[in-house]
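Asker: coords please:
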Amino acid sequence: MKIEYQYTFGLPRNIVWKYLMDKDILRKAIPGCKTFIERSKGVYDAEVEITIGPLQDVFTLEIRIDDLKPPTSYRMYMKGKGNVGEINGTADMLLQELGSSTIVNCLAEAQVTGGMALIGQRIMESGAKKLLDSFFQTVEKEIKGTLYQMRKSGR
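Answerer: Model prediction:
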């Protein structure tokens, strides 16, 4: 399954990059995240409750952020298991500055097995895009909240 997704942040690229690399922001932004532990630099173990269409399960995931080219791109690898199947995928994240905004293009590929593979590609793609919407909206909200608190405290 291939997914192309785009999100526009109303923030400069260097700020978006910084917060996309922040493990606390990632933990808060991943929809359904129950645990998020940094095993080593750029490698995380997570438990995530995923609901896509009729499917609901808790997946144990390994997430690895690699191929960093600050502040323009990185690659995320993800593999994991749940009761209803397995997922293995990559996502290339490309950050493009446009004035005072940043466009993030996500080009993802995933292989799914088990019950996940049976629910249909259209439902999977739609569900994945909803998860990405939620992730990026939460990242932007967290960034803006942090910047507001910094300005308020005079930093």
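Asker: Output the contacting helices and strands for the helix or strand of the chain with the lowest mean pLDDT.
Answerer: Using mean pLDDT, DSSP states H and E, the weakest-scoring helix or strand in the chain turns out to be helix 115-118, at a mean of 78. Packing partners of helix 115-118 (3 or more C-beta pairs under 8 Å, 6 or more residues apart in numbering; DSSP states H and E): strand 85-98. Every C-beta, even on glycine, is put in place using the N, C-alpha and C of the backbone.
Asker: Next, the angle strand 85-98 makes with whatever helix or strand comes next after the strand it packs on.
Answerer: Counting by DSSP states H and E, the element after strand 85-98 in chain order, helix or strand, is strand 101-112. Per axes from the mean of the first three to the mean of the last three C-alpha atoms, to 10 degrees, the angle that strand 101-112 makes with strand 85-98 is 160 degrees.
Asker: Can you show me the helices along the chain?
Answerer: Taking DSSP state H, the helices of the chain run over residues 13-20, 23-29, 115-118, 121-152.
Asker: Single out the most deeply packed of those.
Answerer: Looking across the helices of the chain with neighbours counted as mean count of other C-beta atoms under 10 Å, the highest average goes to helix 13-20: a mean of 18.
Asker: Determine the set of other helices and strands touching that one.
Answerer: strand 85-98, strand 101-112, helix 121-152.
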